[in-house]
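1. sequence and predicted structure below; questions after.
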Amino acid sequence: MKRALWAAIIACGATAVAASIAAFATAPTRDDDFTIDEDLIIYRTEIREYSIPIHESDLTHIGLQLSSDDSVLVTTIDQQSLTEELVQENDWTDIAFKNVWRLQPGGGAAEVVNEPAWDVDKEGHLLYLIADPRPARRHRLSSQLNEAVPSWWPKDESVGKGDRPVYRYAVPAHDAFYYQLLGKRINQTTDIWGDVSQFNGPLRLVLRDLSTDDLRLAVFELETTKPYYSVNTLLSSDGMHAIVYTSARDRIWIVRLADAWKAFDDGRDR
């Protein structure tokens, strides 16, 4: 009798495990279902992608210089030459450049150019992985977020879980948050670092202005033609420029956040 009872229990357990495994294996991926309320959008633009072979180890600090012909210079920096003068005063005089690329308007492959193409006497922008280090400021901005509107806005500053692959960070020098809204998850695997998801479809960088009580958004639609993994953003300390890049390290988007701040200002003046 006991042997039969244990056999039945084991059989039920095996069935439940098998069902769980089957459910996990066949669980459908979800489409991007985070609809941005059109009446909240103050500014929207589309940005073409660039192909640029920046090594992962060089993606902590990037130099950006805008040219009069609307082309952009992007440079990787020898970390040993990073100085306090560059960080605090934007002085590029003594910087050692590792690589310099020219990006023409409209996206496409970056052109390798030599170091003299970067004009050390012209304004440049240092972009790096940055978050406002002042907890009081982050908490103040977080308290201004209306969690009910829009419903898809992240509730915390950590990486989203499950079907909410979104991020949220305070923007330096501005009363605003930004987040990256990813598209449809098409594949998910696990490595020694944890879950790795691959996405397809729309990729958007969204700014939420907190300088007024009105809910106002700026949306940067980042054109992408191939699947991508996790996305990261480099910001300048003044919050006026950004570079978005995928974990594949071969595609970037140059984002002029200054255009969004101007649109917010113009909207406030109306």
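-> Arrived safely.
2. what about stretch 77-91, how long is it end to end?
-> Start to finish, the residues bounding stretch 77-91 are 13 Å apart (CA to CA, to the nearest Å).
3. quick one: contacts of that stretch?
-> With CB atoms under 8 Å, 6 or more residues apart in numbering as the test, stretch 77-91 has contacts from 58, 60-63, 92-98, 123-126, 237. Placement of C-beta: from N, CA and C, glycine included.
4. show the buried residues in those residues.
-> Buried by 16 or more other CB atoms under 10 Å: 58, 61, 62, 63, 92, 95, 97, 124, 125, 126, 237, out of the contacts of stretch 77-91.
5. looking at those residues, spot the one nearest residue 266.
-> residue 125 (22.9 Å; CB to CB).
6. roughly how far apart are the closest one and residue 230?
-> According to CB to CB, to the nearest Å, residue 125 stands 24 Å off from residue 230.
7. that older thread, show me the contacts of stretch 77-91 that map onto helices.
-> Within the contacts of stretch 77-91, no residue falls in helices by DSSP state H.
8. narrow the residues you listed to those in strands?
-> If you go by DSSP state E, the contacts of stretch 77-91 have 61, 62, 63, 97, 98, 125, 126 in strands.
9. who's in contact with the fourth one?
-> If a contact means CB under 8 Å, 6+ apart, then residue 97 has 63, 75, 76, 77, 78, 115, 118 as its contacts.
10. again, but for the second one
-> By CB under 8 Å, 6+ apart, the contact list for residue 62 reads 54, 74, 75, 76, 77, 126, 127, 128, 234, 243.
11. and which of those is nearest residue 196?
-> Proximity of the contacts of residue 62 to residue 196 (CB to CB) peaks at residue 54, which lies at 20.1 Å.
12. give me phi/psi at the closest one?
-> phi -90, psi 130 (degrees, to the nearest 10).
13. and the gap between residue 234 and residue 130?
-> Taken as CB to CB, the span from residue 234 to residue 130 is 8 Å.
14. neighbour-wise, which of the two wins?
-> residue 234 (22 against 18; other CB atoms under 10 Å).
15. dig out what that one forms beta bridges with.
-> residue 243 (DSSP bridges).
16. what count of nearby residues applies to residue 153?
-> Quick note: residue 153 (other CB under 10 Å) scores 19 neighbours.
17. would you agree it is in contact with residue 208?
-> Yes. With contact defined as CB atoms under 8 Å, residue 153 reaches residue 208; the gap is 7.2 Å.
18. rounded mean pLDDT for the strand or helix carrying residue 185, please.
-> For residue 185, the element it lies in under DSSP states H and E is strand 184-191. The average pLDDT for strand 184-191 rounds to 82.
19. again, but for stretch 138-149
-> Mean per-residue pLDDT for stretch 138-149: 74.
20. for stretch 253-267, same thing?
-> Model confidence over stretch 253-267, given as mean pLDDT, is 94.
21. and if you look at stretch 206-217?
-> What stretch 206-217 shows for mean pLDDT is 90.
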